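Would you be able to build a 3D model of this:
(one chain, ligands or ions: 1)
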Amino acid sequence: MPSSCPNYVRSYVNAARNFLSFLLLACVIFLLASQSAERVQSRPSGAGALDQKNDFNAALKRVNKNSVVPPGLEASLPRFPALKRWAKFERPYGAALSRAALHDAASGAAPGSVAGPGAAQSSVVGPSVNQGGIADSSLGSKVEALLRKMTLDEKVGQLVQYSAGQPTGPGTGRTDYKDMIGKGQIGSLFNISKARDANAFQRIAVEQSRLHVPLLFGLDVIHGFRTEFPIPLGLASTWNPVLVEKAARVAAREASATGIRWTFSPMVDIARDARWGRMAEGAGEDPFLGSAMAAAYVRGYQGSRLDAPDSIAACAKHYVGYGAAEGGRDYNTTEISEPTLHQIYLPPFRSAVNAGTASIMSGFNALNGIPTSANAFTLKQILRKEWGFQGIVDSDWTSVAELIPHGIANDGATAARRAFLAGVDMDMVSSLYHDHLEHLVQTRQVPEAAVDEAVRNVLRVKFALGLFEHPYVDETKEDAAMLRPDYLQIARDAAEQSFVLLKNSAGPGGVPLLPVSKSVGKVALIGPLANDSANMLGCWGALGRAEDVTSFQTALLAYLGNENVLSSKGTGISEGSDQEMGDAIATAQKSDLVILALGENAPEMTGEAASRSKLGLPGRQQELLEKVLATGKPVVLVLFSGRPLTLPWAFENVPAVLAAWFPGLEAGPALVRTLFGESNPSGKLVVSWPRSVGQEPLYYNALNTGRPANQANGDPKFVSRYLDEQNSPQFPFGYGLSYTSFRYGPTEIGGKQLKASALNTGLHGGKDTAFTVTASVTNTGQRSGDEVVQLYIRLQGTRVAQPVRALKGFERVTLAPGETKNVHFTLSPDAFAIWNDHNQLAVEPARVTVWVSPDSAHGSPTELEIVP
Ligand code: BGC
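Got it, this is the predicted structure:
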């Protein structure tokens with residue numbers, strides 16, 4: 001300012017300058033504050049706070065950097081009891097933990113195990129939730145910028161999805177995809193199986209559509225893409241989420257090499273009824289195990305960042321309650337009380353959301369009268385409002401159009417409006433959004449703001465996947481990405497760990513029949529599944545090829561030599577001639593040992609639309625079994641199935657039975673290694689195995705009733721029972737034998753009393769009350785083996801009745817002969833929380849029984865009390 005200026009001008013200018021500086025500072029403070037508020041708002045509710053996650057990431061980094069944890073670190077992990085516990089107890093696990101194990105640890109589990117947070121609140125928070133996931137704060141501005149440019153027609157286009165390949169449901173007859181893509185009228189295509197085809201469609205979207213929005217290609221990559229793993233029921237039977245995560249990662253790498261960036265997996269439906277064919281596609285009957293598996297799949301598919309070219313978006317399905325189909329008949333009605341919905345059916349979905357799943361698929365079923373593809377309570381209230389889900393809700397195949405036969409819409413426009421307003425963002429195949437949504441907005445039956453919100457959900461996923469930067473896939477790398485030797489090794493490990501040894505009684509010489517000695521003599525391999533490669537691929541084999549499978553017979557011939565293996569088909573799966581039967585018996589007679597490979601036809605009898613009302617062996621297989629057994633030869637029965645089969649005669653009479661599910665590409669080598677003792681079976685049942693169909697639905701975590709059967713000094717007649725069948729399953733949930741034996745020490749607990757008030761404070765984010773449970777497990781046999789140690793609790797005295805047992809933790813431990821390990825579990829407040837009669841999650845005063853046991857029916861109980 002010139003010095004000639006009068007003083008009063010000078011002081012005005014100074015005051016103005018000060019005022020402007022103040023204003024500028026205030027603006028900066030306001031901007032910073034609003035940004036951080038935005039970030040706080042973008043946290044998925046209940047998924048863990050951002051600052052806590054950053055703390056966790058820092059802790060994780062420090063733990064990973066130190067393969068041997070320095071003493072000081074333990075003290076610096078107070079808010080992550082599991083990491084602290086790992087630092088303290090689990091060092092023998094060796095070097096740095098895998099990312100997966102650390103995430104398990106973050107949820108309260110030991111490496112390779114899952115324990116701690118109860119199923120209802122299991123919260124595995126991975127980096128894929130916020131950084132590099134669908135809640136990444138960098139996505140918002142990109143989404144908004146694009147959304148502003150879109151016409152209503154283009155917005156609706158993002159919500160439309162068609163199958164452009166092998167259909168996986170009833171068709172709608174629409175095939176003019178290319179034209180529609182060019183106009184920006186399709187957001188996603190699925191069932192494409194070649195990189196070349198994906199690129200061809202993508203070129204139209206990116207080069208010809210006005211806004212160049214890339215397509216998102218999906219596929220049902222359920223248990224592998226080209227490298228097929230065991231069916232999900234088998235994968236869950238490993239009780240090994242780290243291994244399941246690895247399998248999902250392999251599937252993501254292979255699928256993404258073909259341009260598939262979205263899988264309709266994991267299926268996290270709880271299945272309590274073996275008649276339901278889709279039991280094969282899930283993790284069984286338990287919400288705690290189901291939650292662990294759900295998170296493992298999501299982490300595996302989505303990796304640490306969605307925009308990594310080998311990551312694919314997960315889709316937890318079928319939201320919700322689909323597995324409770326009445327009578328086990330697929331697509332049937334479901335009636336589920338609210339406590340059961342919250343405690344049993346929702347937790348695996350919640351776990352998938354917490355792990356960052358980019359999408360959820362709504363179901364086919366009506367839930368308490370309202371179809372789940374038009375259910376605002378589950379889709380809006382629970383999923384969006386309570387859980388803060390920010391990804392895509394996709395309908396199931398034509399489930400929007402199916403609102404008409406359900407009876408809640410009389411025309412396509414109403415069906416579209418109901419599904420859309422209830423929270424279904426994307427319409428799979430039925431074409432009703434394409435046909436009606438624009439008009440519904442124009443006639444003010446649907447607000448455009450709601451369309452914007454759904455489009456945001458879709459675009460957020462597309463941006464998170466990096467599709468705008470990299471819409472195409474490198475076709476030259478597609479083939480080399482498949483079937484890598486390390487992938488096959490994971491497939492073999494998974495198959496071996498999935499087998500459940502159901503029975504192994506004495507053979508000749510009084511020792512258990514399994515494992516078989518290599519010098520057994522001549523082995524007859526008999527049965528329709530002995531040399532069947534196609535069925536090993538299971539019910540949903542994606543791009544798996546029969547020629548890539550090593551069949552049981554091929555592996556056995558390689559192991560024993562042609563001269564030592566006799567083979568005969570015996571019968572087909574569903575039919576068989578007398579001549580085939582005669583040939584099988586003659587073959588058995590010439591042998592020293594018979595291995596029978598029997599079971600279901602995977603694609604026809606398991607999976608979708610494959611409910612069965614009889615659960616025995618199909619066709620003439622039972623007859624074949626009985627005739628072969630009548631030869632007097634020692635018989636090992638290997639069962640291939642997508643569900644437990646009711647075979648009381650076999651379990652009574654056949655000395656050794658192995659449940660093999662459908663094991664995937666490495667079926668043969670895994671079976672041979674297991675039967676001949678190179679691998680020791682360690683899988684455990686994830687569903688209760690019924691004695692007869694009439695027991696279904698059958699599940700271990702049932703309520704006791706007021707008149708339970710078999711109560712000491714109870715009335716023999718007026719109790720809850722069948723006149724002609726036992727109540728108990730043939731084999732309980734969690735059951736599985738080994739070639740060695742394990743002894744469990746008593747269940748020890750870290751106190752005899754807990755306070756409900758303190759637990760409730762912990763439950764709602766206050767100071768945590770961790771509770772420890774420990775038991776020693778000793779390998780009392782002659783072989784090394786893995787044991788899946790399980791922790792169950794029962795609550796009595798609560799206002800809403802609770803199951804007779806509920807799984808709250810598990811850990812797979814490896815024990816050398818004679819070795820003992822103390823297995824520790826840490827239970828946090830949610831393990832004791834129930835869905836109460838005020839529709840809230842809370843801990844109530846109760847008597848608590850705790851078991852650490854080999855399955856859901858055994859173990860020595862110990863008690864404590866929760867006081868007010
Ligand atoms: C199934 C879904 C599947 C979809 C797409 C439906 O029939 O229920 O599980 O993801 O088809 O193939």
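
Would you mind listing what in the stretch 551-700 of the chain touches the ligand?
Neighbours of the ligand within the stretch 551-700 of the chain, by Cβ under 6 Å from any ligand atom: Glu608. Yep, even glycine has a C-beta here, placed from its N, CA and C like the rest.

Name the residue of the stretch 551-700 of the chain with the shortest distance to the ligand.
Glu608 (5.5 Å; Cβ to the nearest ligand atom).

you'd agree that residue is up against Ala280?
No - Glu608 is not in contact with Ala280 according to Cβ atoms under 8 Å; the separation is 9.4 Å.

Common neighbours of the two, please.
By the contact definition Cβ atoms under 8 Å, 6 or more residues apart in numbering, Glu608 and Ala280 are jointly contacted by Cys539.

give me the number of residues near the closest residue to Ile181 other than its chain neighbours?
Excluding the flanking residues, the one nearest Ile181 by Cβ to Cβ, 6 or more residues apart in numbering is Ile204, at 4.6 Å. Residues lying near Ile204 (other Cβ atoms under 10 Å) number 18.

Surely Ile204 is in a helix?
Yes - judged by DSSP: H, G, I helix; E, B strand; the rest coil, Ile204 forms part of a helix.

Contacts only, for it.
For Ile204, the contacting residues are Lys178, Ile181, Gly182, by Cβ under 8 Å, 6+ apart.

Of those residues, which is the nearest to Pro732?
For the contacts of Ile204, the closest approach to Pro732 (Cβ to Cβ) belongs to Ile181, at 52.1 Å.

Phi and psi next, for the closest one.
Torsion angles at Ile181 (phi, psi; degrees, to the nearest 10) stand at phi -60, psi -40.

what separates whichever residue of the stretch 351-500 of the chain sits closest to the ligand from Thr740, distance-wise?
Here the residue of the stretch 351-500 of the chain nearest the ligand is Trp397; by Cβ to the nearest ligand atom that distance is 3.7 Å. Trp397 sits 46 Å away from Thr740, going by Cβ to Cβ, to the nearest Å.

Show me how far stretch 472-486 is from its chain's centre.
Centre-to-centre, stretch 472-486 and its host chain are 26 Å apart (Cα atoms, centre = their mean, to the nearest Å).

So what touches it?
With contacts defined as Cβ under 8 Å, 6+ apart, stretch 472-486 is touched by 194-196, 198-199, 202-203, 206, 225-227, 253-254, 256-259, 548, 665.

Name the SS class of Asp657, please.
Quick fix: residue 657 is Val, not Asp. Put simply, Val657 is strand when judged by three-state DSSP.

show me the contacts for it.
When contacts are counted by Cβ under 8 Å, 6+ apart, Val657 touches Leu501, Leu502, Lys503, Val636, Leu637, Val638, Leu639, Ala650, Phe651.

Would you mind measuring from it to Pro232?
22 Å.

Just put the contacts of Val657 in TSV and tack on distance to Gly762 and pLDDT.
Shown next, in TSV, are the contacts of Val657 (distance: Cβ to Cβ, whole Å; pLDDT from 0 to 100):
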residue	distance to Gly762	pLDDT
Leu501	40	98
Leu502	40	98
Lys503	43	98
Val636	50	98
Leu637	49	98
Val638	47	98
Leu639	44	98
Ala650	48	98
Phe651	45	98
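
returning to what we had before: more crowded one of Trp397 and Thr740?
Each of Trp397 and Thr740 has its neighbours counted (other Cβ under 10 Å); Trp397 has more, 24 against 19.

Would you mind confirming that Gly507 makes contact with Lys633?
No - look at Gly507 against Lys633 with Cβ under 8 Å: they stay out of range, at 10.1 Å.

Please name the residues that touch the residue positioned nearest the centre of the chain.
What sits nearest the mean C-alpha location of the chain, by Cα atoms, centre = their mean, is Ala294, with 3.1 Å. For Ala294, the contact set (Cβ under 8 Å, 6+ apart) comprises Pro266, Val268, Ala283, Ala316, Pro348, Phe349, Ser351, Ala352, Ala355.

Export those as CSV, with columns for distance to the ligand and pLDDT.
Output for the contacts of Ala294, formatted as CSV (distance: Cβ to the nearest ligand atom, whole Å; pLDDT from 0 to 100):
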residue, distance to the ligand, pLDDT
Pro266, 11, 98
Val268, 11, 98
Ala283, 15, 98
Ala316, 11, 98
Pro348, 15, 98
Phe349, 14, 98
Ser351, 19, 98
Ala352, 14, 98
Ala355, 19, 97
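
Just the ones of those residues in helices?
Pro348, Phe349, Ser351, Ala352 (DSSP state H).

pretty sure the first one contacts Met293?
Yes - proximity of Pro348 to Met293 meets the contact threshold set by Cβ under 8 Å, at 7.4 Å.

Between these two, which contacts overlap?
With contacts taken as Cβ under 8 Å, 6+ apart, Pro348 and Met293 have Val268, Ala283 as neighbours in common.

Stretch 496-508: which residues count as buried?
By 16 or more other Cβ atoms under 10 Å, the buried positions in stretch 496-508 come out as Glu496, Gln497, Ser498, Phe499, Val500, Leu501, Leu502, Lys503, Asn504, Gly507.
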